[in-house]
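Enquirer: when you get a sec, could you give me coordinates for this:
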Amino acid sequence: MAKRIGSALLLLTLASPVQAVTMTFGDIEITPEPAPKGTSAHGYFEYVFHMVNTSAERAHTVRLSMPSEKLFFHEDSIHELRRTVQVGPKETVHVSLLQPDHPPIGGRDVAVVIDGRRQENALPLKPSESVRRYSYRGRGWRVRSPAPAELLILLGPRVKPLPVLDPTPPEPGMPMPGGALLPSHLKGPTRSKLPPGMPPERPPAARPPTKPGLPSHGIQFVTAETWSSNWLAYTRYDGIILTAEELKELPAATQTALRQYVETGGALLVLGPTDLRGLSAVTQTEKDKAGWRNIQAGLGVCHISPDAHYDAWDVERFTQLFHEWQYANGSGIESQRNTLDANRELPVIDDLGIPIRGLFVLMFVFVLAIGPVNVFVLSRLKRRIWLLWTTPALSLCTCLAVFGYMLISEGWSGRLRSETLTLLDETTHRATTIGWLGVYSPLTPGDGLHFSAETEVIPQRFFEGSNGGARSCTIDWSQDQHFAAGWVEARIPAHFKVRKSELRRERVALHREGDGRWSMVNGLGAAIRHFWYADAQGQIHEAKDIAPGARTLLTPTEKECPVNARTLRDHLFGPGNMSFMTTLQLMGQAPQNYLRPGSYLAEVEASPFLEDALRNARTRKLHAFIVGFGKQDENGE
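Expert: Numbering: from 1, shown residues only. Coordinates of the predicted model:
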């Protein structure tokens, strides 16, 4: 009975939310902010801690590491998420730990290490929940949650609840409550078979409404308790709604983070008139009859309503918002992949198979040499006692031969490949980059992978099955986003989807010459293979092979921008879109379909906007397209 009571109390403790309290560790006081609410299916979680050094004389080195209490996982998990900071005398430091949506944290609570000594007590913290639809347990696939991914919408504290339609029982074949329909081949709530590499698509969360209002299921609304100044903290939300007054009162850094959220694919709704002229890469701005301003900026969308009178919104308005939330951050399009499928999408190495024939021949020769041949030769020499040293010597030589062949064929260093698209706004000096990164290394890289602190990194290692193993991963945020261990294994390619927004000063200087031709100066910091520019009339001008810093004249072509060209967001995330890789291929074949008057498209071989994740890579194949937005008059100013 005592054991049962203890187990029940433990489960109750684990299930209950942890309150934010200040804990003292000698001179250091640490107060965690409330953890993010809601269950998300993508993006990053941000955990923020306020750290105060009460000493007037001593500085301290403090490391936060989660989880403190580690649990055993049968699948990939984050073994350690850490950050080390210096806290000076009487100094207050705000420390944030960002956790990717996948893999999950393998435990709970936060360990505190001060000046190299781990503290006895840990900060209580329950990691936020993520929707992971399937996990591998022994044989077969287990559905972890009967209610998969709902849309997660963040509301400002002053936003009134949006009208929700009365719940109606779903018809056969329609989504179940919770916002998703289990695939037809899933026969039970706990187990069923799912072919590896075939993740279920994200279905519509509910039927389109027939009267004004939002569906009664398939959407989670959470109210913001604090606003982060890091755009990565908003990547887990499918939509954000706040009032114009709330937006105006936010700090400048937080307003910039919300703009970055939009430009990287998010959906923002502002209730009331406001000024959003700071948005970058604006490709479309329109005002409808109801007074709404609809802005497509970068890869996202922003709606500005004249007021918060929901009763004046019609069915089409709610349908439009619901559609935007479904496709925010590209979550409705880009599916999750396992290692094999990801390598088909972005091949880092041509052949992932094991050379069975070569290994069989090697083993056959080795067995003959170490057995019959060895015994025969030593018998002829009347030195059979030498078997004690010739057998291990032949084994050592074989191992050295295999290892030497690997070094000759692949070397010590790894391979790095990327395909990216960058939207560069030369007016706001912000660059938005999305794409794929592939890594392959003959040996496990000792230094791991390095990404900037402004990059969202999504590992493509889902649905691996029983042969995929379980990896314990480590992320260190002390200097940058350091994927320190567990992310790349020897001779197994690793793939990541990346997305980032940052301030950049690169630009292309365009100038109208006296004879009417256009010239350009390459200020992108990388060699341009092919360059296209659309003038004010939509005519395309081009040039090829432009070195960094070089100036060249553009040649007019017969290509022109379509009158009603689709925006880049529509090309990537809209109806009838192609895959990301296919879209990049079509960019080089028909650049006029992706340009607007006054914009340019540059194809480069080494993108300056994506960090060098694998620093000792021997082979680098970095391909990128850069779409530039800037203001050039007839004099090129």
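
Enquirer: okay, now the unreliable bits of the stretch 251-400 of the chain?
Expert: 330-336, 351-355 (pLDDT under 70).

Enquirer: helices along that one, start to end?
Expert: Secondary structure of the stretch 251-400 of the chain (DSSP state H, counting those that start in this stretch): helices at 252-263, 315-326, 339-345, 356-368, 374-380, 387-410.

Enquirer: for those, which one sits closest to Lys500?
Expert: Closest approach to Lys500 among the helices of the stretch 251-400 of the chain (CB to CB): helix 252-263, 9.1 Å. C-beta coordinates here come from the backbone N, C-alpha and C atoms, glycine included.

Enquirer: buried residues, that closest one. List them.
Expert: Buried residues in helix 252-263, counted by 16 or more other CB atoms under 10 Å: Thr254, Gln255, Thr256, Ala257, Leu258, Arg259, Gln260, Tyr261, Val262, Glu263.

Enquirer: what do you get for stretch 309-318?
Expert: Result for stretch 309-318 [16+ other CB under 10 Å]: buried residues Tyr310, Trp313, Arg317, Phe318.

Enquirer: which one of those sits closest to His217?
Expert: The closest of those to His217 turns out to be Phe318 (CB to CB; 14.7 Å).

Enquirer: what average pLDDT does stretch 548-559 get?
Expert: What stretch 548-559 shows for mean pLDDT is 96.

Enquirer: so who does Gln460 touch?
Expert: Listed by CB atoms under 8 Å, 6 or more residues apart in numbering, the contact set of Gln460 reads Gln336, Arg337, Asn338, Thr339, Asp341, Ala342, His495, Phe496, Lys497.

Enquirer: switch the cut-off to 10 Å
Expert: Contacts of Gln460 were listed using CB atoms under 10 Å, 6 or more residues apart in numbering, and they are 102, 334-339, 341-343, 345-346, 436-438, 493-497.

Enquirer: are any of these buried, and which?
Expert: So, by 16+ other CB under 10 Å, the buried ones in the contacts of Gln460 are 102, 334, 336-339, 341-343, 346, 436-438, 493-497.

Enquirer: out of those residues, which sit inside strands?
Expert: Members of these lying in strands (criterion: DSSP state E): Trp436, Leu437, Gly438, Ala494, His495, Phe496, Lys497.

Enquirer: Pro442 in helix, strand or coil?
Expert: When classified by DSSP: H, G, I helix; E, B strand; the rest coil, Pro442 comes out as coil.

Enquirer: any idea how far it is from Ala490?
Expert: For Pro442, the distance to Ala490 equals 6 Å [CB to CB, to the nearest Å].

Enquirer: looking at these two, which is more packed in?
Expert: Using other CB atoms under 10 Å as the criterion, Pro442 and Ala490 rank with Pro442 on top: 17 against 12.

Enquirer: where's the more buried one relative to Asn230, distance?
Expert: Using CB to CB, we find Pro442 at a distance of 36 Å from Asn230.

Enquirer: and Gln86, how close does it get to Gly116?
Expert: Noted for Gln86: a distance of 13 Å to Gly116, by CB to CB.

Enquirer: same check on Ala617?
Expert: Distance from Ala617 to Gly116, counting by CB to CB: 33 Å.

Enquirer: more neighbours, these two?
Expert: Neighbour comparison, Ala617 and Gly116: the larger count goes to Ala617, with 19 against 7 (by other CB under 10 Å).

Enquirer: shouldn't the more buried one be in contact with Pro442?
Expert: No: here Ala617 lies out of contact with Pro442, judged by CB atoms under 10 Å, at a distance of 11.4 Å.

Enquirer: now do the shared contacts for the two.
Expert: Taking CB under 10 Å, 6+ apart as the contact rule, Ala617 and Pro442 both touch Ser413, Gly414, Arg415.
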